[in-house]
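In: Would you be able to build a 3D model of this:
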Amino acid sequence: KERKTVKKLKTKENTDSFALSLREVNIIPGAQLNLNVPEGKTFNLCTHQRPLTPEQSHFYNEQVEEMLKAGIIDQVPPELVKCTAMTVIAQKAHEMNGLSEEELKQRVNDQC
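Out: Here you go, the predicted model:
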C-alpha cells in the first residue's frame, strides 16, 4: 500500500520534482544507442528554420550548457557532424521549481 501511495504521489502531484536537474539523472552503465544507419547513408546538413528569438536563444544555450556539464552531450568539431535537425524548444509552462527533497519526503510521510 505504501509503495502505491509513493508512486501515486510521485507521478501525480510532483512530476516536475524529479526532472529539475539533468545532473541528477543516473547514467546506465554500458547503455548504448544503436540507430542502425545504413553504411554510406547521407543526411541533410542544412536546416530551414526561423532564427531563434533572444529569449529562445538564451533558454536554449542554458539547456545546452546544463547538458554539457551533466555529461549528456559532448562538443564535437563541425566536420564530425553527420546530420542536423530543427531545434524544438519546450519550456515548462509554470514557474514553480517543484518541491525540495525534504518537502517531498515530508509529503510522502504525511500520506503514509
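In: helices or strands next to the helix or strand Ser57 falls within in the packing?
Out: Secondary structure from DSSP states H and E places Ser57 in helix 54-70. Helices and strands touching helix 54-70, as assessed by 3 or more CB pairs under 8 Å, 6 or more residues apart in numbering; DSSP states H and E, are absent. For every residue, glycine as well, the C-beta is placed using N, CA and C.
In: Report the buried residues of the helix or strand just after that helix.
Out: Scanning forward in sequence from helix 54-70 by DSSP H and E, the next helix or strand is helix 101-111. Judged by neighbour count using 16 or more other CB atoms under 10 Å, the buried positions of helix 101-111 are 104, 107.
In: And helix 101-111, how far out from the chain middle?
Out: 25 Å (CA atoms, centre = their mean, to the nearest Å).
In: Geometric centre of this protein: which residue is closest?
Out: Leu22 (6.1 Å; CA atoms, centre = their mean).
In: Next up, the contacts around that residue.
Out: Shown in contact with Leu22 (CB atoms under 8 Å, 6 or more residues apart in numbering): 66-67, 70, 72.
In: Nearest to Pro29, out of these: which one, please.
Out: Using CB to CB, Ile72 comes nearest to Pro29 of the contacts of Leu22, at 15.0 Å.
In: Quick check: nearest residue in space to that closest one, chain neighbours excluded?
Out: Among residues not flanking Ile72 along the chain, Leu22 sits closest, at 6.0 Å (CB to CB, 6 or more residues apart in numbering).
In: Any idea how many residues pack against Leu99?
Out: For Leu99, the neighbour count with other CB atoms under 10 Å is 17.
In: so it makes contact with Val108?
Out: No - using CB atoms under 8 Å, Leu99 makes no contact with Val108, being 10.3 Å away.
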